[in-house]
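>>> my questions concern the predicted model and sequence given below.
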Amino acid sequence: MPVTAETTARELVEVLREHGATRAEIRLEQWDGRRVVVKDFGVGTWALRLIGLVLMAREWRAHRRLVGVPGIPACLRRERWRLTFECVEGAPMPLADPEALTPEYFARLYDLVREMHARGVAHGDLKSRNNVLVDINGLPAVVDFSAAFTLGRNPVEALVVPYLKVEDLRAIGKAKLRSAPHLLTAEEEQLLAHRPPFVRAATAFLHQVRLLIKRVSAMAHRGMK
């Protein structure tokens, strides 16, 4: 059920992450007794806000495609500088109980990511293990779709999404290698061992784009002091 302005009594619970040059502030809030996560780009510089408009649009679009997928917290509200999400009770993979990282957990994580891909969404940042959670029932959840690409009419997306789908699967293999290497399969070892040249080139290009965005945002931040 969407959270509307008419039904919302907001109370700050905790700031989960301070905003940075290219990062939104993330807060845990209580809305009418319901715990939600708020991603807020409006607390930073003009550059962060401009970046936020792009990232929010990408995340909102991805979530619209993924409505109803178990393990994807619903995006409850979109405002000018903020997105509000369901709160997943659990822990990021690096902080989760190692005993929870079972073969069943990883099998469900692959199923979740393949369902995302089937709906035309590639996450693009599963290499950040904080974006992969273990919920209180031991099930996987995926958050932060600000780097996601969603298939549509844009020809660039048609080129990028297949590459990012491969990178999503490689990211799961890397996470398993770090957290539960004894569970790594021969297929995963092969996927990690062979990275096509076009993937390396695309990764290097996206890295340079991110560095440029950070420099512009940092300059804007210094200009405000």
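Received, thanks. Numbering: from 1, shown residues only.
>>> and the pLDDT at the most centrally placed residue in the chain?
By Cα atoms, centre = their mean, the chain has its centre lying nearest to D144, at 2.2 Å. D144 is assigned a pLDDT of 95 by the prediction.
>>> hmm, it is touching N131, no?
Yes - counting by Cβ atoms under 8 Å, N131 is a contact partner of D144 at 4.7 Å. For every residue, glycine as well, the C-beta is placed using N, CA and C.
>>> joint contacts of the two?
Taking Cβ atoms under 8 Å, 6 or more residues apart in numbering as the criterion, D144 and N131 both touch D125.
>>> re the thing from before, can you tell me the SS state at the residue nearest to the centre of the chain?
coil (DSSP: H, G, I helix; E, B strand; the rest coil).
>>> next one: the one 3 residues further on
Secondary structure for A147, judged by three-state DSSP, is coil.
>>> for it, what are phi and psi?
As for A147, its main-chain torsions (degrees, to the nearest 10) stand at phi -100, psi 10.
>>> what sits against the residue nearest to F145 when sequence neighbours are not counted?
Leaving aside its sequence neighbours, F145 sits nearest to A62 (Cβ to Cβ, 6 or more residues apart in numbering; 4.0 Å). By Cβ under 8 Å, 6+ apart, A62 lies in contact with 121, 145, 148, 150.
>>> the third one reaches A57, doesn't it?
No - A148 lies out of contact with A57 (Cβ under 8 Å); the separation is 10.7 Å.
>>> what about these two, which has more around it?
A148 (24 against 12; other Cβ atoms under 10 Å).
>>> what segments of this structure are strands?
With DSSP state E as the criterion, the chain has strands at 10-17, 25-31, 34-40, 75-78, 82-86, 90-92, 121-122, 132-135, 140-142, 149-150.
>>> just the closest of the contacts of A62 to Q30, please.
F145 (23.7 Å; Cβ to Cβ).
>>> what's around the closest one, how many residues?
28.
>>> walk me through the domains of the chain.
5-86, 90-223 (automatic domain parsing).
>>> got any ranges where this protein has weak pLDDT?
1-8, 196-225 (pLDDT under 70).
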